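Asker: Fold the following and give me the result.
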Amino acid sequence: MRNLILNGEIRPTVRPVTDAVTNIIKHKSELLGVQPSLMGKPQRQQIAQLILQHLEQETVVTRNTEGGVGKPKYVLAPRYVEAVDLNRAISS
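Answerer: Model (predicted):
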C-alpha cells in the first residue's frame with residue numbers, strides 16, 4: 001500500500017485504500033487464509049484506516065490540517081509530494 005501511495009497510484013484516503021484492500025483480498029485470499037465473502041465493507045474500511053494510521057506513524061502521510069466534512073483526513077507528507085509529482089510527470 002505504501003508503494004501505491006508513494007507512486008501516486010492511489011490517494012492516501014480511506015476510499016481508495018479500501019478499494020485496494022478489497023482487490024488484495026480478492027486476489028490473495030488463499031495466501032491470506034481469508035474468504036472474501038466473509039469480509040464486509042466495514043471490516044475492509046477498518047483495515048484501510050489502520051493502514052493509514054500506520055503510514056502516519058511512518059511519516060508517509062500526515063493529517064490534513066484543512067480536513068473536515070468532504071475533505072480527506074490524510075494527505076501525502078510534504079517531503080513526498082514533490083517526488084510523486086515528478087514521478088507523474090515522467091510517466092506521462
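Asker: So which residue is smack in the middle of this protein?
Answerer: Geometric centre of the chain, nearest residue: residue 17, 3.5 Å, by Cα atoms, centre = their mean.
Asker: Would you list the phi and psi of residue 13?
Answerer: Dihedral angles phi and psi of residue 13 (degrees, to the nearest 10) take the values phi -130, psi 160.
Asker: quick one: contacts for the closest residue in space to residue 11 that isn't next to it in sequence?
Answerer: Of all residues beyond its chain neighbours, the one nearest residue 11 is residue 72 (7.1 Å), with distances taken as Cβ to Cβ, 6 or more residues apart in numbering. C-beta here means a position set from N, CA and C on the backbone, and glycine is covered the same way. Contacts for residue 72 (Cβ atoms under 8 Å, 6 or more residues apart in numbering) come out as 11, 12, 13, 64.
Asker: And the third one, what's its pLDDT?
Answerer: Yep, that's residue 13 we're talking about. pLDDT for residue 13: 92.
Asker: right, and it touches residue 76 too?
Answerer: No: if you go by Cβ atoms under 8 Å, residue 13 and residue 76 don't touch, sitting 10.3 Å apart.
Asker: So between those two, which is more surrounded?
Answerer: Higher neighbour count among residue 13 and residue 76: residue 76, with 22 against 18, using other Cβ atoms under 10 Å.
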